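*Asks:* would you be able to build a 3D model of this:
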Amino acid sequence: MEVKTAALPSDSIKTGRLELIFAIFIAILGLLLYFNTIFNEYALDDLAVIQENRFTKQGFAGIPVLLRTFYWEGYWNNNSGLYRPLSMITFAVEWQFFPGNPHAGHVTNVLLYAITGFLLFRMLRRMMAKENILLPFIISILFIAHPLHTEVVANIKSRDEILCLLLFILAAGNFLVYVDKGGIWRLGVAVTSYFLCLFAKESALALLLVFPLILFFFRQMKVKRILTLVLPFLITAAVYFLIRMTILGTHVVGKEYTYLDNSLLAAPDLATRLATAFYMLGKYLKLLVFPHPLSYDYSFLEIPFVRWDDFRALIPFLIYSSGFIYSVRCLLKKDKKLFAFGILFYLLSLAVAANVLILIGCTMAERFLYIPSLGFCILVTYGIFRIFPENKGKRKVTGLVSLILGNKWVCLIALLILVPFSVQTIARNPDWKNNDTLFVADANSAPGSNRVKTNYGCVLLQKYDKNSPDKEQNLAYLNKAIAEFDAAIKIDPNHPTAYFDMGVALYEKNDYNGAIDNLKNSIRLDPHDPKPYTTLGNAYYRIHDYSNAIINLKKSIELKNISAETYNFLGGSYFGTGDFRDAVDAYQKAIGMDPKNTELFQNLGSVYGAMGDYTAALLSFHKANELKPDNIQALILIGMTFRNLGKFDSAEFYEREVTKIQHK
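*Replies:* The predicted model follows:
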């Protein structure tokens, strides 16, 4: 090995005890850094894998189904080409004991992360047994504190990432014990752990190559012996792949992704696509070194398309290719440099998500750096040790103090990295409390993302309350939401969601013609979404275009967007055209869905009154007043109906009741 720092002398301290102390310290650090996530709620894809997943919500009963279905099947029917049953099973178990409780999921994530830190140090220490104990320790604390991990730990859904690395560490650690000391059961634990690792996330297939690399760089073995030792893992991967193929069928890659999943699919040509992919790889390096700002989304068009004459693509290409060539040369020359191992670990663990060899269902994400960041921490820590080698001068003190004093510059630099990383991690966690807090926090983190703009606009629109006494602030929310939707449309004029949200915002602002234009665009781009038809029908109703209102509201119902509000507007539209029978039918269906809504009974009574059926009208108005006593509107309608019946005494009675209520 190239690192020349000495191991801790056995006569100065009990190394085994220090190793345990260091491991426990790292686990506690992980707990402290993410303790504030325990109070968070569900966010982003937690909806699909937990909250609204029909298999997860079956608890124990859903586990057999989760084992034989693709990743998203409990929420939607498009085979995404993903098979990750392990994390889904843990969600089902949590739901069995804590249904609908996100805090249980956050506790589990934090505990698993702390255990990961504990085992990571133990594994690295065994792997680097001849090195200074501070080397694996600093690697581990930098890894556990890195702010890029907030998405993985704070978002329950990303447990697949945590489990994948945790199980790989278990596999690698037990494999090293087997290689060093024997014990077939250790090999069994290692193989089983790697098998489960594959069920956590399919990208663990790339980690298969890390096993021979560990033996090459950290154990004196010939290639033939290395290949023999890793054969069980190769067989395990083959078995997993057969199971995966059985479950997914021919959907090895999954459904056909669109540019909304991965913006690289919109690249004009292959050269631009690859150049942009390396531009993203450069952004990954930047985030590893300087993790700010962080964002939950990097979708279309946050990552601009670049060509090879752009330094933002060329420089990352040179960095990555140089690192790869350097590492391969080390392998060929049997030069066992730790730097080369760190590079290869980083490249291998990032390979699947890099969008260079294959296109995946996501453009870029911070969670993709979770496992690769370990390689980065190895490189950084090794670099610090190379710049500041251990001071072996005579010292009057021994033990841990001696160790720190001998590596004071290494410890100081590590501390200077650790403290800001920890502060940022703790500060970032509350952003993941729920969707609203996340969308607000990251509103400016990804200014080029259509999705970020749309989501932030929706949060602002939710804050709008037409009944709020603060009219100025309320209107500001609405106008800001409209501005965000407008920006989203400019980024992507072909995305129906932004048009729909813009239509809803303009509808709330009483700009019905503007709403109609945007809702028509939404329908043009996605004619199968029922929501725009509903709002479009409502907008036509507001401008008294009842015929078009009926057409769109009926289309909404046809597409299964059935609600009392939809039938209420449909009834009003029929009433506007003079089709009283269909109006009665629509209002009755609305009442069947919302039997305590006084407005629906008043509307139904008004139709009966227009038909001359005053008895039925009175029954509806009295029901409205019964549901909401002293209902002025219902009492007025009752009085009017009695006048139409010629019962003036009764009419005057209800008119007096209205006057009494008004003067209370």
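
*Asks:* quick one, helices of the stretch 1-150 of the chain?
*Replies:* Assigned helices in the stretch 1-150 of the chain, in chain order: 15-34, 46, 63-67, 85-97, 102-127, 134-145, 150-154 (criterion: DSSP state H, counting those that start in this stretch).

*Asks:* please pull up the helix or strand immediately following the lowest-mean-pLDDT helix or strand in the chain.
*Replies:* Ranked by mean pLDDT, DSSP states H and E, the helix or strand of the chain with the weakest confidence is helix 400-406, at a mean of 81. Downstream of helix 400-406, the first helix or strand assigned by DSSP states H and E is helix 408-428.

*Asks:* mind checking the helices of the stretch 1-150 of the chain for the one nearest to residue 412?
*Replies:* Nearest to residue 412, of all the helices of the stretch 1-150 of the chain, is helix 134-145, at 11.3 Å by Cβ to Cβ. C-betas here are computed from N, CA, C, even on glycine.

*Asks:* that closest one packs against which elements?
*Replies:* Helices and strands touching helix 134-145, by 3 or more Cβ pairs under 8 Å, 6 or more residues apart in numbering; DSSP states H and E, are helix 15-34, helix 102-127, helix 372-387, helix 408-428.

*Asks:* list the buried ones in the third one?
*Replies:* Spelled out, it's helix 372-387. 372-382, 384-385 (16 or more other Cβ atoms under 10 Å).

*Asks:* thinking again about what came up before, from the chain's centre, how far out does the least confident helix or strand of the chain sit?
*Replies:* Distance of helix 400-406 from the chain centroid (Cα atoms, centre = their mean, to the nearest Å) equals 43 Å.

*Asks:* CA-only coordinates of that helix in PDB, if you can.
*Replies:* Output of helix 400-406 as PDB, limited to C-alpha atoms (Å, rounded to 0.1, in the frame of the first residue of the first chain):
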ATOM      1  CA  LEU A 400      -5.300   8.200  21.900                       C
ATOM      2  CA  VAL A 401      -3.700  11.500  22.700                       C
ATOM      3  CA  SER A 402      -0.500  10.400  21.100                       C
ATOM      4  CA  LEU A 403      -2.300   9.300  18.100                       C
ATOM      5  CA  ILE A 404      -4.100  12.600  17.700                       C
ATOM      6  CA  LEU A 405      -0.900  14.700  18.300                       C
ATOM      7  CA  GLY A 406       1.000  12.600  15.800                       C
END
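
*Asks:* circling back to that earlier point, now mean pLDDT and distance to residue 559 too, for the helices and strands packed on helix 134-145, in a markdown table please.
*Replies:* Formatted as a markdown table, the helices and strands packed on helix 134-145 follow (pLDDT from 0 to 100; distance: least, Cβ to Cβ, whole Å):
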| stretch | mean pLDDT | distance to residue 559 |
| --- | --- | --- |
| helix 15-34 | 93 | 42 |
| helix 102-127 | 97 | 31 |
| helix 372-387 | 95 | 43 |
| helix 408-428 | 96 | 40 |
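
*Asks:* which secondary structure element contains the nearest residue to residue 201 once chain neighbours are set aside?
*Replies:* Once flanking residues are discounted, residue 201 sits nearest to residue 164: 4.2 Å by Cβ to Cβ, 6 or more residues apart in numbering. Remark: residue 164 resides in helix 159-181, with elements defined by DSSP H and E.

*Asks:* tell me the mean pLDDT over stretch 321-329?
*Replies:* Average pLDDT, stretch 321-329: 95.

*Asks:* what sits up against it?
*Replies:* In this structure, residues lying in contact with stretch 321-329 by Cβ atoms under 8 Å, 6 or more residues apart in numbering are 335, 339, 340, 341, 343, 344, 347.

*Asks:* what does stretch 25-42 give?
*Replies:* By Cβ under 8 Å, 6+ apart, the list of residues contacting stretch 25-42 from outside reads 50-51, 102-103, 106-107, 109-111, 113-118, 120-121, 137, 140-141, 144-145, 153-154, 156, 422, 425-426, 429-430, 432-434.

*Asks:* buried subset of the residues you listed?
*Replies:* The neighbour-count criterion (16+ other Cβ under 10 Å) marks 50-51, 102, 106-107, 109-110, 113-118, 120-121, 137, 140-141, 144-145, 153-154, 156, 422, 425-426, 429, 432-433 among the contacts of stretch 25-42 as buried.
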